[in-house]
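**Student:** what's the 3D shape of this:
(2 chains)
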There are 2 protein chains.
Amino acid sequence: MPALPIALDAMGGDNAPDAPVQGALQYRESVLLVGRSSPLRALAPALPVLEASQVVEMEDKATAVLRSKPDASINVAIRALAEKRAAAVVSCGNSGAVMIAAIKGLGLLPHVERPALVTVVPRADGGEAVLLDLGANVDCKPELLAQFAVMGEAYARCVLDLQRPRVGLISNGEERSKGNAQVRAALPLVEDLPLDFVGPIEPFEAFHGAADVVVCDGFVGNVMLKTVEATVDVSVNLMQREIARMPHWRLSAHFMRSALRRFRARTNSSAYGGGQLLGVNGVVVVGHGRSDPDAVEAALKVAHRCVQQGVVGEVTKALDDWGLPG
Amino acid sequence: MPALPIALDAMGGDNAPDAPVQGALQYRESVLLVGRSSPLRALAPALPVLEASQVVEMEDKATAVLRSKPDASINVAIRALAEKRAAAVVSCGNSGAVMIAAIKGLGLLPHVERPALVTVVPRADGGEAVLLDLGANVDCKPELLAQFAVMGEAYARCVLDLQRPRVGLISNGEERSKGNAQVRAALPLVEDLPLDFVGPIEPFEAFHGAADVVVCDGFVGNVMLKTVEATVDVSVNLMQREIARMPHWRLSAHFMRSALRRFRARTNSSAYGGGQLLGVNGVVVVGHGRSDPDAVEAALKVAHRCVQQGVVGEVTKALDDWGLPG
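**Tutor:** Numbers count the residues shown, from 1 in each chain, chains lettered A, B, ... in the order given. Below is the predicted model:
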C-alpha cells in the first residue's frame, strides 16, 4: 500500500466529476481528489480534496493547457506528484494535455525521447500481453520503436511478473520482407537489443500468445485497441442475436446473461484501467474519456500496482543498462 | 450467372490442392481448376482442369514468380482471365504473387497507381462495411488513400447495394488535428472528392455504423483485419470458459454450442471469402492462405457476385468521372 495517496484528476473525462468521484469512493485505498473543491466536497465529504481552480474544456487545445490553464486539475495533480505529495496520478481527461503536463512537470527518464502509452490486453491462450504505444506517438521514427521495446519489456517484467518476456514487433507478416518502411527500419534496431525478441508478428499471433510485449507505433496501437473494443461489441451483439434464435432461449438466456456480462467485463478495455504513460519520471495512468466509476476504480488499481511494483525504477534501470539507439 | 467459369488457382494456399478442390466441389457454379492436371483429375474427375506445370513454393519470392515460373498456376489462371476464357480468378496463394500477376496480366484501370485489396466486414449495428486496403500497399502516399476512397465507394455501391455510401478515413480521433502525417495529408484530398465523406473516424465508430466504406493504408488495414480475427478467437475462448462456469452448464452448453458455432462462422473472416483486388482490369479474389473448403467456396461466391454486379465497370466509371488527385 503506498503511504501517499493517488492524485485523481476529478474534473477529467466525459462523466466528470461524478464518475471519478464514484470510482474513488469504490476504491478502498487512499485517494486525493483534484479539482474544484466545492462540488467535490458536496459529492464526497469524506475524501480529501486538493483545490484546482481551472477546468479543461473540450475547446481547449491540449498543447496549450499547461500555459493557458496552469491551475487546471491535471496540472495541479502532476505538481502534487512532482512534489511527492502523491504517489501517482490518474486522469481520464484529454490525453494530450495529460502527456504534456507529465513531460513538463515530471521530466523524461534518461535516454527517453518520447513517452509511450502502454496497457495490458487479454490473449486467447488465457494469458496477457503488454501493448504499446497506444497513441502517444502517431508518427514514430524507427528509433522510438526500439525505445518502446525496452520500456515495454521492463513493464512486462513488473506487471505480468515474467522473468524474460518475449518481445514482438507488429507487422503484416512474419517474414523480414514484410512490414512497412518504419517496421523494416526498426527491425535491426530491436534485434540489437539484449531482449528475447521473437521478430515481426501479426496481430493474430500476438493475441494467441506469440509475445508478451507487443510493440507498434501509436497510430497502429490505437487502431488495434479500438478494433478490439469494437469487435467485442460486435461479438456480444451477434451472440445475443444467436441466443434469441435458440429454441429454448428463455431458459438459456437466464444462464447466458451472467456469462455475457462477465465476458464483456473481462474484455472491456476499461476493465484494464487505461494506459500507463511510460518514460516519464512518475506513475501516470490515463483512463478512457468515457470511463465509468468501475473504469476509474480499475485505473486507480493499475496506478497502485505500478507504484508497488516499482515500474518507474525498473524502466529507468532498463534504459540505463542497455545502450539505446537514438 | 457468368457464362464463363471462374478460374481457381488449385495449387495456392496452405491446404492446396485439397481445400481448393473441395471448395470447388461444394460450389455449385462453373469452376475451372488451374494446376497440375494429374493430381487434380484424381481428386475431382468431374471438374475441368487447365494445366499449369509449375507450382509456387514458400521459398519463391513473390516479386519473382511471374518471371521465374511463368507456368505457375496463378499466372496461368490470370492468362485465362485476360484471354476471356474465365470470368474471374480466385487464389488463396501468395498474395504478392497474385497481385503482380494481376497487374502485369490484366493491367491497371485508368488513373490507378496501385490496386487495393478490399473486403466486407460485419458491423455491430447489423450492417456491413467495406474495408480497404487490407495489405496490398503497406507504404501509401496520401494520394493513394484518395484513390482507395473512390474505388471503395464504387465497390460499396455494387456489393452492399447502397445509393450513396458514406466514406470514412481511419484515424486515432475524429478531430482534424488527430491522425498521423499520412492521414492529415490525405484528408483535404478525400474532402475534394464528390463523395459522402464523413471525415476521420476511429475503428470503434467504423464498426458501429459511422461509415459504409472504411479507408486506410494496407499496413493499418491488415492490422485491423487480423485484430478482428484474433479478438473473435479470444471472445469465443472466453465465452466457452464462462459457459463452463455456469451452474447448469451441461444443460446450457447444449444450446450454446450451436450458437457459438454460428457466431464463429458469421465473424470468421474466411466466411467473407477473402479480398477482391480493386484497380486491375478483371475480377481477382485473394483468399486467406489458411482457407478451408468453406472459405474457398465463399471466395468463389464473392468472385461470382463481383462479376454479376459489374464491379470492374463501376470502378472504372467512378475513376473516369472524378478528377482524381495523384
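
**Student:** give the next helix or strand downstream of the worst-scoring helix or strand of chain A on mean pLDDT.
**Tutor:** Within chain A, no helix or strand scores below helix A:249-267, which has a mean of 63 by mean pLDDT, DSSP states H and E. Later in the chain than helix A:249-267, the nearest helix or strand by DSSP states H and E is strand A:275-278.

**Student:** packing partners for that following strand?
**Tutor:** helix A:95-106, strand A:116-122, helix A:142-159, strand A:284-286, helix A:293-309, helix A:311-321 (3 or more C-beta pairs under 8 Å, 6 or more residues apart in numbering or on different chains; DSSP states H and E). For the C-beta atoms, the positions are set from N, CA and C on the backbone; glycine is no exception.

**Student:** so for the fifth one, what gets flagged as buried?
**Tutor:** Along helix A:293-309, the positions that meet the burial threshold by neighbour count (16 or more other C-beta atoms under 10 Å in any protein chain shown) are A:293-307, A:309.

**Student:** tell me the one of these nearest B:Lys317?
**Tutor:** B:Lys317 lies nearest to A:Ala295 out of these, by C-beta to C-beta, at 48.2 Å.

**Student:** please identify the deepest-packed of the helices and strands packed on strand A:275-278.
**Tutor:** Stretch with highest mean neighbour count among the helices and strands packed on strand A:275-278: strand A:284-286 (a mean of 29; mean count of other C-beta atoms under 10 Å in any protein chain shown).

**Student:** hmm, that strand touching chain B?
**Tutor:** No - using C-beta under 8 Å from any C-beta of the partner chain, strand A:284-286 stays clear of chain B, coming no nearer than 13.7 Å.

**Student:** which residues are contacting that strand?
**Tutor:** For strand A:284-286, contacts defined as C-beta atoms under 8 Å, 6 or more residues apart in numbering or on different chains pick out A:78, A:81, A:88-92, A:95, A:98-99, A:102, A:106, A:117, A:273-277, A:299-300, A:302-303, A:306.

**Student:** neighbouring strands for it, and are they parallel or not?
**Tutor:** Using DSSP bridges, the strands paired with strand A:284-286 are strand A:88-91 (parallel), strand A:275-278 (antiparallel).

**Student:** for the ones you listed, which has the smallest mean pLDDT value?
**Tutor:** Out of the strands paired with strand A:284-286, strand A:275-278 stands lowest, with a mean of 94 (criterion: mean pLDDT).

**Student:** hang on, the earlier thing: is it possible to export the strands paired with strand A:284-286 to CSV including mean neighbour count and distance to B:Ser30?
**Tutor:** Converted to CSV, the strands paired with strand A:284-286 look like this (neighbours: other C-beta atoms under 10 Å in any protein chain shown; distance: least, C-beta to C-beta, whole Å):
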stretch, mean neighbour count, distance to B:Ser30
strand A:88-91, 33, 62
strand A:275-278, 28, 53
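
**Student:** which regions of chain A lie under the pLDDT threshold?
**Tutor:** For chain A, residues meeting the criterion pLDDT under 70 lie at A:1-2, A:243, A:245-273, A:323-326.

**Student:** put the alpha carbons of stretch A:294-305 into CSV.
**Tutor:** C-alpha atoms of stretch A:294-305 as CSV (Å, rounded to 0.1, in the frame of the first residue of the first chain):
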residue,chain,number,x,y,z
ASP,A,294,-15.7,0.9,-12.5
ALA,A,295,-13.1,2.0,-15.1
VAL,A,296,-11.9,4.8,-12.8
GLU,A,297,-11.5,2.3,-10.0
ALA,A,298,-9.6,0.0,-12.3
ALA,A,299,-7.3,2.9,-13.3
LEU,A,300,-6.6,3.6,-9.6
LYS,A,301,-5.7,-0.1,-9.1
VAL,A,302,-3.4,0.0,-12.1
ALA,A,303,-1.6,3.1,-10.7
HIS,A,304,-1.4,1.4,-7.2
ARG,A,305,0.1,-1.7,-8.8
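
**Student:** and for that stretch, what's in contact with it?
**Tutor:** Residues outside stretch A:294-305 that contact it (C-beta under 8 Å, 6+ apart) are A:1-2, A:6, A:8, A:13, A:19-20, A:22-24, A:26-27, A:29, A:31, A:87-90, A:92, A:159, A:270-274, A:276, A:283, A:285, A:287-288, A:291.
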